[in-house]
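*Asks:* Structural data only, the sequence is not supplied:
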C-alpha cells in the first residue's frame, strides 16, 4: 500500500525522475510558462511552489537549497532578483495550470503551466 507516499513516479527510476523534475522547474523559471502533460504539471507545481517559498528567505541557506533544484545559475539569479520581489507579499499559489489540448500521438492531456503575475 502507498499510504503517506506522496509524489508521482512517472514509470522512471528515481534518478531520472529527479532529473526530470529539476529540468522542468528550471525551464519554468527560465521561460515563465511551459507546456507539459497534466501529471507532470501537477507534480511540477509542488516543486516550484517549494523553491519560490524557500527563495523568499533570500539568505545563504536559501541560495544553497535553491541550487539543489535549479540547474542553471542564471535562472537562480533571476529567481532571487525578479520572482522573489514579485511574490514577496503572496503567501503561495505562484503557478497556474491551464488545460490546453490532447496530444495526437498518445492522447495525453497537455497543460500550460505558467507563473502568475
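*Replies:* Cool, the structure landed. Not measured: the values here are computed from a predicted model.
*Asks:* switch to C-alpha atoms for all contacts and neighbour counts from now on
*Replies:* Will do.
*Asks:* can you list the residues that contact stretch 60-67?
*Replies:* Stretch 60-67 is contacted from outside by 51, 54-56, 73, 76, using CA atoms under 8 Å, 6 or more residues apart in numbering.
*Asks:* Show me which of these are buried.
*Replies:* 51, 54-56, 76 (16 or more other CA atoms under 10 Å).
*Asks:* Just give me the closest of those to residue 93.
*Replies:* Distance ranking of those against residue 93, using CA to CA, places residue 51 first at 12.2 Å.
*Asks:* mind listing what that closest one touches?
*Replies:* 66, 69.
*Asks:* Strands of the chain, start to end?
*Replies:* 33-37, 95-102, 109-115 (DSSP state E).
*Asks:* how about those strands, which one is nearest residue 18?
*Replies:* That would be strand 33-37 among the strands of the chain, by CA to CA, at 16.2 Å.
*Asks:* chain center to that closest one: distance?
*Replies:* 10 Å (CA atoms, centre = their mean, to the nearest Å).
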